[in-house]
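Q: starting from these lines, generate the structure:
(chains A and B)
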Amino acid sequence: MSLDKTLLSMDELLKLPREKHFITGAQAMSEAVKRSSTDMAIAYPITPQSEVMHLVGDIFAQGHIKEYYRAEEELGTMSAIAGAARGGVRMFTATSGPGLLRGLEAIVSWPGHRIPCVLGVLTRVINAPLSIQPDNLEMAYLMHSGIVMLHAENQQDTFDFTLAAFAITEKVDVYIPVSVSTEGFFVTHAKGYVEMMDEKYAFEECDPYKAPVPAMDNEVPPARIQRDAPVQKSNFMSYLIHSVWQQEIWDSNQRAMKYMYQYIDGPIEVQNPGSDVMLVASGCAAAQAREAHRYAQEEGLSVGFVKVKCIRPWPTDEIREALKTAKTVIVPEHNIVGWLCKEIKGCIPNGGIVLEGPRVYGGMTLPVELIMTEIYNALGMDSLVLQA
Amino acid sequence: MSLRYMVPASKFKRYLPKDYVELVDYGPFGKDYSEVGVKNMGTFKELVEEHPMCSGCWMAYYIKIIFAALPNPENTVTIGTAGCGRLAISQAAVPFIYGNYGDQNAMASGITRAFRLRFPDIQKDVITIAGDGGMMDIGFSMTMHAWFRRERFTTIMLDNEVYGNTGGQESGMSIEGAVLKMSPKGKNFGKMPAMQLAITAGCVYVVKMSPTNINKAAKAIRRAIFAARKLGPTFIHVYTSCNIEYSIPTPDVFRDAKEMEKGRFAFEEFMTPEAKELFAVVESKKKREVS
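A: Numbering: from 1, shown residues only, chains lettered A, B, ... in the order given. So this is what the prediction gives:
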């Protein structure tokens, strides 16, 4: 770092006193990168992400990160990330919807290649007709990649999760990429209060010599001068190597769970457990569900709230515990397929209590009334009368 | 220094695979190029020995030349993609990254920049080696943009004018009229002008050749690596026939390469004035260049 910074462990960094700022989600993400001792960032424009990588470009120009360039397109970006990370440096990039899908061939190979890096996903519609608006369907495509996935509700989460992601991705027992998603525009272009530590403090620098997988830098023993690469052949050994390798990737993903407790206060947040109706949501939908939960409390209804911060590793035990006495589960989402709903249904023994929706997509907002209607229906109340 | 990391502790040596120990003792690592190199192939432990390429494969022969020509094998990383070439490249005793389809030059952009950040005083050579499909079709955008960005590494295209590894399909580098899989009535457009594209995109040293002369082939490889260290992207477009898909009998592989040398793979060399100046300095030195 050319700037004089005090480098700290993530635990020490998170304990520092903070000051409240009123900033956009894009700013919150770049402010986290500023405090992450990132070596190199690679940018490629796509709305609504572009704002993030503009700001990261600015902090590069200010000397907070050492290298930055605009790549040719997202596959080029994600491939270059994989190259640079193998060279032993700390990497960051961000993308949105169609860009994520364009880079997906490289991204899904990152965990297997043991590429530690942080990927910002500022969600956007991926399907036709075209829209630049937030819709988080692209996250469904990441869920089976092996990558660790965090989903931020607001600007503060975006800052906190991004910073934590830098620590989690390089943990010896994890060492796979971490994505931090949040909704485009709703969070990236809107301001919210974010409490941040002073920028003179930063996360300690990347040490490739601590990595469980040596960098391809001809410096770390054992030398890679043994021949043969059985993985590249079609025989039983190659199948076996692939299978144990991928089991290890998913185990690494699971091992990231303890760091959710260490750095982001657990994979889920629960309010009023034991209520008849439980609202479960992630990202921006959690902000709306939180509001619906507040209305419900004012009305004295038996409604609880679960925010899922961590989509991968999936918090099965925590969700089961939070929903064990629920009679109905409502999952508001910003996509048409209901990927969160499917996950929840699949992880509790009585999946039939999970309602389909409410869902909005194509970039629409998620009105609290929509969630309230589902609550009233679930409780057998006449929603029209009550809302009036 | 990278060389040290390869040398095992004396007591540990006898537990290591024989191949490893022989590479350390008799390989080209840390040796003067005059002791090893292409002229002395057969007298030292080579970086590529056994490989699973087809009998008579001209590409396998050229890959052996690449590795024998390296100026700095202990500090070299190669990057490749799907295709026949990687089956031999991955057998070399040099770190090899097998990326995704056609992404070799994007990956090389990342890793060369990372090396310059971490090792400002050590020269780490990065070479991408891929086929005509990987370089000019699926990887076209990443190949070209790495050159436009003036990324400092060497690109080698092993052009066999066909997708060999996937079973003989037409590529952008196949000649017009070639009847191949996916061009059942013959290819209806010509070979892509790879050399001109490289020059236009800003490569500082570009060679097109059919490597029938080992020394000439090695000289081009070394020049490309030296120029990439200091000046900018370099490109070697080399004919490495597919004797299977083009039905060239093994005894005729060399004759075919000689014919190509008289035809569309006639030797052409482009260099910028800066590259010319650099080669004059480097090649006047008797000693092996290790910067």
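
Q: can you give me the strands in chain B?
A: Ranges of strands within chain B are B:76-80, B:96-98, B:125-131, B:154-159, B:205-209, B:234-239, B:268-271, based on DSSP state E.

Q: hang on, isn't A:Ala202 packed against A:Thr38?
A: No: A:Ala202 lies out of contact with A:Thr38 (C-beta atoms under 8 Å); the separation is 9.4 Å. Any C-beta I mention is one placed from the backbone N, CA and C, and that applies to glycine too.

Q: which one's more surrounded, the two?
A: Set side by side, A:Ala202 and A:Thr38 show more neighbours around A:Thr38, with 29 against 22, by other C-beta atoms under 10 Å in any protein chain shown.

Q: circling back: pick out the shakiest of the strands of chain B, pLDDT-wise.
A: Among these, strand B:96-98 carries the lowest mean pLDDT, at a mean of 90.

Q: where in chain A is pLDDT low?
A: For chain A, the stretches flagged by pLDDT under 70 are A:1-2, A:221-233, A:383-388.

Q: mind redoing it with 80?
A: A:1-2, A:220-238, A:382-388 (pLDDT under 80).

Q: next, format the strands of chain B as TSV and append distance to B:Ile248 and mean neighbour count.
A: Listed next are the strands of chain B as TSV, based on distance: least, C-beta to C-beta, whole Å; neighbours: other C-beta atoms under 10 Å in any protein chain shown:
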stretch	distance to B:Ile248	mean neighbour count
strand B:76-80	24	27
strand B:96-98	27	21
strand B:125-131	17	29
strand B:154-159	15	29
strand B:205-209	18	26
strand B:234-239	12	27
strand B:268-271	23	16
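
Q: format these as TSV; extra columns: distance to chain A.
A: As requested, the strands of chain B are exported to TSV (distance: least, C-beta to the nearest C-beta, whole Å):
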stretch	distance to chain A
strand B:76-80	6
strand B:96-98	6
strand B:125-131	9
strand B:154-159	14
strand B:205-209	20
strand B:234-239	17
strand B:268-271	23
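
Q: between these, which one is closest to A:Gly266.
A: strand B:96-98 (37.3 Å; C-beta to C-beta).

Q: pull the number of nearby residues for A:Ile353.
A: Other residues near A:Ile353 number 17, with proximity taken as other C-beta under 10 Å.

Q: tell me the angle the longest helix anywhere in chain B makes with strand B:125-131.
A: Selection of the longest helix in chain B by residue count, based on DSSP state H, yields helix B:214-230. Put simply, helix B:214-230 runs at 120 degrees to strand B:125-131, going by axes from the mean of the first three to the mean of the last three C-alpha atoms, to 10 degrees.

Q: just the buried residues of helix B:214-230, please?
A: Buried residues in helix B:214-230, counting neighbours by 16 or more other C-beta atoms under 10 Å in any protein chain shown, are found at B:214, B:217-229.

Q: now, which of those sits nearest B:Ser247?
A: Looking across these and measuring by C-beta to C-beta, the closest to B:Ser247 is B:Ala217, at 24.8 Å.

Q: give me every residue that touches the spatially closest residue to that closest one that is not a sequence neighbour.
A: Excluding the flanking residues, the one nearest B:Ala217 by C-beta to C-beta, 6 or more residues apart in numbering or on different chains is B:Pro211, at 3.8 Å. Contact analysis of B:Pro211 by C-beta atoms under 8 Å, 6 or more residues apart in numbering or on different chains lists B:61-62, B:65, B:217, B:238-240, B:257.

Q: can we see that at 10 Å?
A: Counting by C-beta atoms under 10 Å, 6 or more residues apart in numbering or on different chains, B:Pro211 makes contact with B:58, B:61-62, B:65-66, B:217-218, B:220-221, B:236, B:238-240, B:257, B:260-261, B:265, B:267.

Q: ok, now A:Met143?
A: By C-beta under 10 Å, 6+ apart, the contact list for A:Met143 reads A:149, A:311-312, A:314, A:339-340, A:342-343.

Q: gap between it and chain B?
A: 20 Å (C-beta to the nearest C-beta, to the nearest Å).

Q: sketch out the low-pLDDT regions of the stretch 151-291 of chain B for me.
A: Low-confidence segments of the stretch 151-291 of chain B (pLDDT under 80): B:285-291.

Q: mind listing what A:Gln49 touches?
A: By C-beta under 10 Å, 6+ apart, the residues touching A:Gln49 are A:26, A:29, A:43, A:93-97, A:99-100, A:120-124, A:184, A:188.

Q: buried stuff in the host helix or strand of A:Ile241?
A: Using DSSP states H and E, A:Ile241 maps to helix A:236-255. Residues of helix A:236-255 classed as buried: A:241, A:249, A:252-255 (neighbour count, 16+ other C-beta under 10 Å).

Q: ok, residues contacting it?
A: Helix A:236-255 has contacts (C-beta under 10 Å, 6+ apart) with A:110-114, A:145-149, A:168, A:171-176, A:178, A:212, A:229-233, A:235, A:312-314, A:316.
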